[in-house]
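only the shape, not the letters, is given here:
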C-alpha cells in the first residue's frame, strides 16, 4: 500500500519578533516545531546563554568548573559565550539586585546591563531578580541605560507589568511576559500588556519552566497547547514566540547536581547534569520554545547540534 | 474506530429471530455499540461481519508484549498525539545494545550496569527493560553462545538482532521460550523471518527503507497472519527519524492507516557515537511516539535522566503525581532540627525539599496527604486543613524524634494557625514563608534564634 505522509497546513503564523538592532529575529513559523514537511520555520530557535551579575558561588562543580574563569565577570562571560559557545543571545540576570541578597540599586545593575550589551554583538535579554517590586525599579533603570539597544527585558508579571511594560514602551525595548504555567494566565498578561500600549510584536512569552523531573510535563504541554492555539485556532494572543528558562531550572534539580559519591545509583554527576539540561532543553524545543536559556557549554553544544539537525 | 449502532446493524442478518434474547436486530446492534452485548450472543452472524466488527473494535495502535517475567513490558496502545488530551498509555521501553564481538569483561560490565539501571522515584519503579543482542560475527554458533550467555545474566527482555534467518533460529534454540523480540524482517527476508516468528509465536520488528516500503512490509506480514509487529522506519538520522515517527503515529491515529497501527522502535545507538547527542535524540523520540528506544550505553547518568523524562511525558495530565505521606529527612536531622509540613503534590514536595536542602539546614519535612494538590488548592478543597494536619502530626511519630514542639506551616495557609493551635495543643504553630524561594532565609533565621 503506498503511503503518503499526512500533512496539516495552516494560514496562521507565530509573530516574528526583532531582537536587538541587527537582523536577528525569532518566530515566524507556521508549523509545529520542526514539522518542516508541511510548512516552514524561517528562523531557527535561538539559544540564549545565561550569565549572572552576582558571581554565583553555590553552583555544582559540574557547571561551575567550565565557567570558573568568567563567573565573576559578566562582561567576560558574555564575550566568551558569544565567541566560544556560539550563543545566539545573552540572557543577563541581575541577581545582585535581589532584596533577599545583595540588594544593589537598579541603576548600578543597569550599568552592568549596558556594559554587557556593549561588549557583544548579539542581542541581549535582561532579567531582574524576579522580585516583583524591585524588578520594576531595576528594569526601569535598564530600559534607560540600554536605550537604543532594543533589549528584551523582564520578566513582566501580573503584579508589575505596568511598570515594566511602560519602561519598555518608553525606551522602545521588547518585553518578556511571565505567567505561572497556565495558558489562560499567559494570554491574559499579553492582553494586559497590549492594552497598556505594548506592541504585540514586541512580546515574548515565558510560560515558566519546570525542569526535567520537576514539572517539565506542565511546561511541555503548555507550550504545545500554545502552539496549537496559535496555529490551528489562529488565536492572536498565543502567537508570540515562547521562551524556555532551562539552565537555572535544570541545575536546581537535586538529581542534576548531587555528587555520585552521595548518590551512586545516579551515575557520573559531571555528565548527568549536562544531560539533565540537554533533555529539559530538547523536550521544550520540540514542544514549542523559540528561545532557550542555557548554561553549560557542553549542553549548549549538543542542543545546537539538535537544532542544526532538525532544521536541516 | 468504534462503529455506530446503525453501522453494526448493516452487518447483522436482519432476521429479528430473537435468539439473542432481544426483540430485533436493531436493538441488538444498539446494545452492541454501547458495549452492553457481545457479538457471540448472535448465533447467526457471518464470519465476514465478525471480522469487520473485530477490526472496528481494535485499538488504533496494537499493544505488544515483549519479554517474560519480572521485566516483561507492554508497548503500544497509544490513543493521542498530544499528552494534554489524554494520558500516554505504555511508557517507552528503554534498551541497551550489546554485541557478540564484545569481550567477556566488557559484556559483563555492561549487562551488570543494565541490571543496576533500576530506580524508585515518586512512588514509581523505573528501569531499563531490554537488551538488544547484535550479531556482528555472522556466525550462528557464536551468536547462539553469546545469546545464551546474556540470557543467563539478566531478566531483561531480549532482542536478538540479525537479518539471517538461520542465525536467528540458532539464537531461538536458547531463548525461544523467553518471548524475545525478533529484529528484524526486511523486504528481503520477510517470508522466512515472518514464518519463524509465526511458528514460535514471537513479536517481530519490520524494518523498511522508506515509509512506503515499511507499509508494504507491514501489509505483507499481516497477510501472513502475524499480529505482534513493531515498526522500524529504517531512518538513521535525527531529522529523518523525527519525521518518520510523527508520520507513522499520525497515520495510525488520524487516518486509521492500518499498516502503521503498531508500536515503533527507534535506534539512536545506530545514529551517532556522540553520546550526548544520542541521549538528546532518545529524549526527543520518547516525547514523539517511539515505543522502544535502544541506546549504545547503559550508564546510569544516561539512562536515569531518560527514565525521568519518560515518567514526566507519560504522567496523567488530569492526575497530579503525588509523593507518599510521611516525614522525610532532609540532610541528617536530629532532635533539634526544624519541623515543616506541606502537601503531597510532587512538585510542591520537590520544590520545598530542594529549597530546604539548599539552605544546608537539616530538617524534618512532613508531607500531608492532600490527594496530590498544591498548598492553596488543597486548602481550598479541604484537604490541607487543621484536623488533617493534626492527625498527620499525631500519627507520624515525629514527637518522639524531636525534643521541641514547633511546626512550621506554609505562609499561604497562615489563616489556619489558630485552629491548628487548638487541634495541636502541645505544639507551637509557626508561619513559614509563602514562597518556597524564601525558605532558605527563613530557616537560617530560625536556627539563629
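Thanks, I have it. Just so we're clear, the structure is a prediction, and the values are computed from it rather than from any experiment. Numbers count the residues shown, from 1 in each chain, chains lettered A, B, ... in the order given.

got the buried residues for stretch B:361-369?
B:361, B:362, B:363, B:364, B:365, B:366, B:367, B:368, B:369 (16 or more other CB atoms under 10 Å in any protein chain shown). The way it works is simple: take the backbone N, C-alpha and C, and place the C-beta from them, glycine included.

closest one to residue B:346 out of those residues, please.
residue B:367 (9.9 Å; CB to CB).

number of residues surrounding the closest residue to residue B:403 other than its chain neighbours?
Nearest non-adjacent residue to residue B:403, counting by CB to CB, 6 or more residues apart in numbering or on different chains: residue B:335, 4.2 Å away. Around residue B:335 there are 9 other residues, counting by other CB atoms under 10 Å in any protein chain shown.

tell me which residues touch residue B:335, please.
Residues in contact with residue B:335 (CB atoms under 8 Å, 6 or more residues apart in numbering or on different chains) are B:401, B:402, B:403, B:404.

about what we covered before: make TSV from the buried residues of stretch B:361-369 and add distance to chain A, secondary structure and pLDDT to it.
Below are the buried residues of stretch B:361-369 laid out as TSV (distance: CB to the nearest CB, whole Å; DSSP: H, G, I helix; E, B strand; the rest coil; pLDDT from 0 to 100):
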residue	distance to chain A	secondary structure	pLDDT
B:361	14	coil	93
B:362	14	coil	94
B:363	15	strand	95
B:364	17	strand	96
B:365	13	strand	96
B:366	19	strand	95
B:367	16	strand	95
B:368	20	strand	95
B:369	20	coil	93
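
give me the contacts around the lowest-mean-pLDDT helix or strand in chain A.
Every helix and strand in chain A was compared by mean pLDDT, DSSP states H and E; the lowest is helix A:254-257, with a mean of 91. Contact with helix A:254-257 is made by A:60, A:62-63, A:211-213, A:250-251, A:263, A:266, A:269, A:272-273, A:276-277, B:304-305, B:308, B:353-354, B:357, as judged by CB under 8 Å, 6+ apart.

same check on stretch B:386-402?
So stretch B:386-402 is contacted by B:325-327, B:333, B:335-337, B:339, B:341, B:364, B:366, B:368-370, B:405, B:407, B:409, B:416, B:419-420, B:422-424, B:426-427 (CB under 8 Å, 6+ apart).

ok, now stretch A:35-45?
Residues from elsewhere that reach stretch A:35-45, judged by CB under 8 Å, 6+ apart: A:5, A:7-10, A:16, A:25-31, A:33-34, A:88, A:285, A:289-292, A:307, A:311-312, B:243, B:246-247.

could you redo the last one with a cut-off of 6 Å?
A:5, A:7-9, A:25-26, A:28-31, A:285, A:290, A:307, A:311 (CB atoms under 6 Å, 6 or more residues apart in numbering or on different chains).

where does residue B:97 land in three-state SS?
Under the three-state scheme (DSSP: H, G, I helix; E, B strand; the rest coil), residue B:97 adopts strand.

give me every residue in chain B lying close to chain A.
B:82-84, B:211-212, B:215, B:219, B:238-239, B:247, B:250-251, B:255, B:259, B:276-277, B:279-280, B:283-284, B:287, B:299-301, B:304-305, B:308-309, B:312, B:315, B:347, B:350, B:354, B:441 (CB under 6 Å from any CB of the partner chain).

quick revisit: pLDDT score assigned to the residue nearest to residue B:403?
Looking at residue B:335, its pLDDT is 96.

would you agree it falls within a helix?
No - judged by three-state DSSP, residue B:335 forms no part of a helix; its state is coil.

please tell me how far it sits from chain A.
Using CB to the nearest CB, to the nearest Å, one gets 24 Å for the distance from residue B:335 to chain A.

what about that residue, distance to residue B:353?
20 Å (CB to CB, to the nearest Å).

burial count for the nearest residue to residue A:224 once chain neighbours are set aside?
Closest residue in space to residue A:224, ignoring its immediate chain neighbours: residue A:287 at 5.1 Å, by CB to CB, 6+ apart. Residues lying near residue A:287 (other CB under 10 Å) number 25.

and residue A:287, what does it touch?
A:220, A:223, A:224.

how near is it to residue B:83?
Distance of residue A:287 to residue B:83, given as CB to CB: 10 Å.

check residue B:410 too.
From residue B:410 to residue B:83 the distance is 29 Å (CB to CB).

the two: which is more packed in?
A side-by-side neighbour count of residue B:410 and residue B:83, using other CB under 10 Å, places residue B:410 first with 25 against 20.

from what I see, the more buried one and residue B:376 are in contact.
No - counting by CB atoms under 6 Å, residue B:410 stays clear of residue B:376, with 8.7 Å between them.

which residues of the stretch 101-250 of chain A lie near chain B?
A:212, A:213, A:214, A:215, A:216, A:217, A:221, A:224, A:225.

determine which two of those are furthest apart.
Going by CB to CB, the pair spanning those furthest: A:213 and A:225, at 21.2 Å.

what about the residue of the stretch 151-300 of chain A found nearest chain B, how many residues close to it?
Closest contact between the stretch 151-300 of chain A and chain B, by CB to the nearest CB, is at residue A:267 (3.1 Å). Counted by other CB under 10 Å, the residues lying close to residue A:267 total 22.

return the members of the residues of chain B next to chain A classed as buried.
B:83-84, B:211, B:215, B:238-239, B:247, B:250-251, B:259, B:276-277, B:279-280, B:283-284, B:287, B:299-301, B:304-305, B:308-309, B:312, B:315, B:347, B:350, B:354.

please, which helix or strand holds residue B:244?
helix B:238-254 (DSSP states H and E).

run the chain-centre distance for the top strand by length along chain A.
In chain A, with assignment by DSSP state E, the single longest strand is strand A:46-52. Distance, stretch centre to chain centre, for strand A:46-52: 7 Å (CA atoms, centre = their mean, to the nearest Å).

now do the closest residue to residue B:237 other than its chain neighbours against residue B:240, distance only.
Leaving aside its sequence neighbours, residue B:237 sits nearest to residue B:271 (CB to CB, 6+ apart; 6.2 Å). Using CB to CB, residue B:271 is found at 9 Å from residue B:240.

same question for residue A:234.
31 Å.

which residues of chain A fall in strands?
Going by DSSP E, chain A shows strands at A:17-18, A:25-26, A:46-52, A:89-93, A:124-127, A:152-156, A:174-178, A:203-206, A:243-245, A:291-294.

since we're on the nearest residue to residue B:165 once chain neighbours are set aside, how many residues are nearby?
The shortest distance from residue B:165 to any non-neighbouring residue, by CB to CB, 6+ apart, is to residue B:192 (4.3 Å). Neighbours of residue B:192 under the rule other CB under 10 Å: 15.

so residue B:192 touches residue B:166, yeah?
No - if you go by CB under 6 Å, residue B:192 and residue B:166 don't touch, sitting 9.0 Å apart.

need the residues touching each of the two.
By CB under 6 Å, 6+ apart, residue B:192 and residue B:166 have no common neighbours.

where does the chain dip in pLDDT?
No chain specified, so I'll use chain A. Along chain A, the parts satisfying pLDDT under 70 run over A:1-2.

not quite, go with chain B.
Those would be B:1-2, B:35, B:55-57, if you go by pLDDT under 70 across chain B.

any idea which residue sits dead centre in it?
residue B:91 (1.7 Å; CA atoms, centre = their mean).

how about the secondary structure of that residue?
coil.

my read: it touches residue B:314, true?
Yes - with contacts counted by CB under 6 Å, residue B:91 reaches residue B:314, the gap being 4.6 Å.

pull the longest helix from chain A.
Longest helix in chain A by number of residues, with DSSP state H as the criterion: helix A:269-287.

relative to helix B:238-254, how tilted is that helix?
50 degrees (axes from the mean of the first three to the mean of the last three CA atoms, to 10 degrees).
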